[in-house]
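J.: Next come a sequence and a model predicted from it.
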Amino acid sequence: METVYFYESAKDKKIKDILGTDKFMRLSYTTKIGGHNEKIGYHIYVTGSLQELSKLEDEFDVIGIERPELSERLSIIEKFKTDAENAASGMGLIFG
């Protein structure tokens, strides 16, 4: 499973504290600068099991982390995947 959230830079430490706990050590995540509802901050792309993502959502709700609407989430997820593919192909060109 995968999802994406948006948070402002003021919550960066709280996000890292949550993701740094043993409870979420199996999740994989990537952040990028982005915007949402005319705010500037970060998008965080997270992959993991449905149970882990459900627990993470509960934690994020407590500190007010926003999850964009489905259509926006899908678009942002696609951008994260495209960037990862481009980075991987670039490394292949360097070491290939």
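T.: In hand now; what should we look at?

J.: same for the least confident helix or strand in the chain by mean pLDDT, what does it pack against?
T.: Ranking every helix and strand in the chain by mean pLDDT, DSSP states H and E puts helix 70-95 at the bottom, with a mean of 81. Applying 3 or more Cβ pairs under 8 Å, 6 or more residues apart in numbering; DSSP states H and E, one finds that helix 70-95 contacts strand 2-7, strand 28-36, strand 39-47. (Glycine included, C-beta is placed from N, CA and C.)

J.: Please work out the angle formed by the directions of it and strand 2-7.
T.: Put simply, helix 70-95 runs at 100 degrees to strand 2-7, going by axes from the mean of the first three to the mean of the last three Cα atoms, to 10 degrees.

J.: buried set for helix 70-95?
T.: Arg73, Ile76, Ile77, Phe80 (16 or more other Cβ atoms under 10 Å).

J.: Now do the same contact list for the closest residue to the last one other than its chain neighbours.
T.: Put plainly, it is Phe80. Distance criterion Cβ to Cβ, 6 or more residues apart in numbering; nearest residue to Phe80, sequence neighbours excluded, is Tyr45 at 4.2 Å. Each residue near Tyr45 by Cβ atoms under 8 Å, 6 or more residues apart in numbering is listed here: Glu2, Thr3, Val4, Tyr29, Thr30, Thr31, Lys32, Ile76, Ile77, Phe80.

J.: measure Ser71 to Thr30 for me?
T.: 21 Å (Cβ to Cβ, to the nearest Å).

J.: Over to Ile77?
T.: 11 Å.

J.: next one: Thr47
T.: 9 Å.

J.: When the two are compared, which one has more neighbours?
T.: Thr47 (16 against 13; other Cβ atoms under 10 Å).

J.: closest one to Ser89 among the helices and strands packed on helix 70-95?
T.: If you check each of the helices and strands packed on helix 70-95 against Ser89 by Cβ to Cβ, strand 28-36 wins as the nearest, at 16.9 Å.
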